[in-house]
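Engineer: Turn this into a structure:
(one chain, ligands or ions: 1)
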Amino acid sequence: MSQRILVLLLITTITYGQKQMAITIDDLPTVSKAYNTPETQQALTQRLLTHLRTYQVPAIGFVIGSFLQTDNKPNPNKLKLLSMWLDAGLELGNHTFAHKDYNLVSFETMKADVIGGEQAVKKWMEERGKSLRYFRHPYLRRGDTPEKKDSLEAFLKHRGYREAPVTIDNSDWLFSRAYDHALLLGDTALVNSIGQQYVRYMGDCVAYYEAQSDSLFGRPIPQTLLIHANSINADFLGALLAQLKQRGYTFVSLDQALTDSAYSSEDHFCKKGGISWLHRWALTQGKKGTFFNGEPEVPTAIDELANRKL
Ligand SMILES: [Zn+2]
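Structural biologist: Numbering: from 1, shown residues only. Next up, the predicted model:
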């Protein structure tokens, strides 16, 4: 084998051996039924940040503006949680004020929700010399008509935002709702079982989207994972990150992930679904049916417990 081929092989192995993932965390400062006092919300935040620090994850958190207020006034306890994220050196982005569903409201209403989110968060960011650069769509909905999609896209761009895509979508929020119910029932065995099932399910989701991106681009791409600032991640994010590391992932910033040309792919999808960007790109390229088969499902028992009235 010539030296040149050997070098090429080596470069290929290095490039393909290092899988990259950006971790994006929605619904800050916290979204949890079980952790609902200032003390427990602080504990939840502390645990999330400890997991991120342990695995050196340059995560980005997306803040819901109204979550920072009580009776239309800034709530100092909630602002303290935001400070904890900023003190940890992590980036924050805008996730609107009221988390409106763009399928149900007009562009003008959505625009006001983006600005409202900005106003609720920006001041605290600027005090720390930081700015809001990224926007995350509630329910991953970019607009269900070409007009609505184009209007929001142009508005966000004009306002200086970069849209934060998601390649690995999942139902961590559903697991966490079941997890909260198990915590409130005081059923420790169930709590642990849900946590273990969650980590397994997330592994399946990563495998599914990895296979899809490999087939769509013919190579691995840096993934963007969406999770929430909820109870199950406070307890199991460490186990999840350990599993991802074992799978060959290194954790990168959203900035870094988005330098990959895959993220410049065209997205002409404008239906109601809040779906993975991989699926948006695939549908735009005309992929059909079998390409989308095999998405991991949430176990029925988890779904039932999540929706049980306590
Ligand atoms: Zn959200």
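Engineer: Please count neighbours and contacts with C-alpha atoms only from this point.
Structural biologist: Will do.
Engineer: which secondary structure elements does the host helix or strand of residue 157 contact?
Structural biologist: Element membership of residue 157 [criterion: DSSP states H and E] is helix 146-158. Judged by 3 or more Cα pairs under 8 Å, 6 or more residues apart in numbering; DSSP states H and E, helix 146-158 is in contact with helix 107-126.
Engineer: Quick check: end-to-end length of stretch 49-65?
Structural biologist: One end of stretch 49-65 to the other measures 20 Å (Cα to Cα, to the nearest Å).
Engineer: which helices and strands sit right next to the longest helix seen in the chain?
Structural biologist: Within the chain, and with DSSP state H defining each element, the longest helix by residue count is helix 188-217. Packing contacts for helix 188-217, counted by 3+ Cα pairs under 8 Å, 6+ apart, involve helix 172-185, helix 231-246, helix 277-284.
Engineer: okay, the angle between the second one and helix 188-217?
Structural biologist: Going back to what we said before, that points to helix 231-246. Computed with axes from the mean of the first three to the mean of the last three Cα atoms, to 10 degrees, the direction of helix 231-246 lies at 50 degrees from that of helix 188-217.
Engineer: Kindly format the C-alpha coordinates of the helix or strand just after helix 231-246 as CSV.
Structural biologist: Using DSSP H and E, the helix or strand that directly follows helix 231-246 along the chain is strand 249-252. As requested, the backbone C-alpha atoms of strand 249-252 are provided in CSV (Å, rounded to 0.1, in the frame of the first residue of the first chain):
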residue,chain,number,x,y,z
TYR,A,249,-19.8,10.8,20.1
THR,A,250,-18.0,13.9,21.1
PHE,A,251,-20.1,16.8,22.2
VAL,A,252,-19.8,20.0,20.2
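Engineer: Who does strand 249-252 pair with, and is each partner parallel or antiparallel?
Structural biologist: strand 19-28 (parallel) (DSSP bridges).
Engineer: pLDDT value on residue 309, please?
Structural biologist: In this prediction, residue 309 carries a pLDDT score of 89.
Engineer: same question but for residue 124, I mixed them up
Structural biologist: The confidence metric pLDDT takes the value 89 at residue 124.
Engineer: Would you mind listing what in this protein touches the ion?
Structural biologist: Taking Cα under 5 Å from the ion as the criterion, the chain approaches the ion at residues 27, 138.
Engineer: Can you pull up the most central residue in the chain?
Structural biologist: Nearest to the mean C-alpha position of the chain, counting by Cα atoms, centre = their mean, stands residue 226 at 2.1 Å.
Engineer: Any idea how many residues pack against the closest residue to the ion within the stretch 201-310 of the chain?
Structural biologist: In the stretch 201-310 of the chain, the residue found nearest to the ion is residue 228; the distance is 7.6 Å by Cα to the ion. The criterion is other Cα atoms under 10 Å. On that basis, residue 228 has 23 neighbouring residues.
Engineer: go on, residue 171?
Structural biologist: 17.
Engineer: on that earlier part again, and the residue of the stretch 201-310 of the chain closest to the ion, bridged to which residues?
Structural biologist: Under DSSP bridges, the beta-bridge partners of residue 228 are residue 26.
Engineer: Quick check, it in contact with residue 23.
Structural biologist: No: using Cα atoms under 8 Å as the test, residue 228 is too far from residue 23 to be in contact (10.2 Å).
Engineer: Phi first, then psi, for the residue nearest to the centre of the chain.
Structural biologist: phi -100, psi 120 (degrees, to the nearest 10).
Engineer: ok, it to residue 60 distance?
Structural biologist: In this structure, residue 226 and residue 60 are separated by 10 Å, where distance is defined by Cα to Cα.
Engineer: Which one of the helices and strands packed on helix 188-217 lies nearest to residue 28?
Structural biologist: Ranking the helices and strands packed on helix 188-217 by their distance to residue 28 (criterion: Cα to Cα) puts helix 231-246 first, at 12.1 Å.
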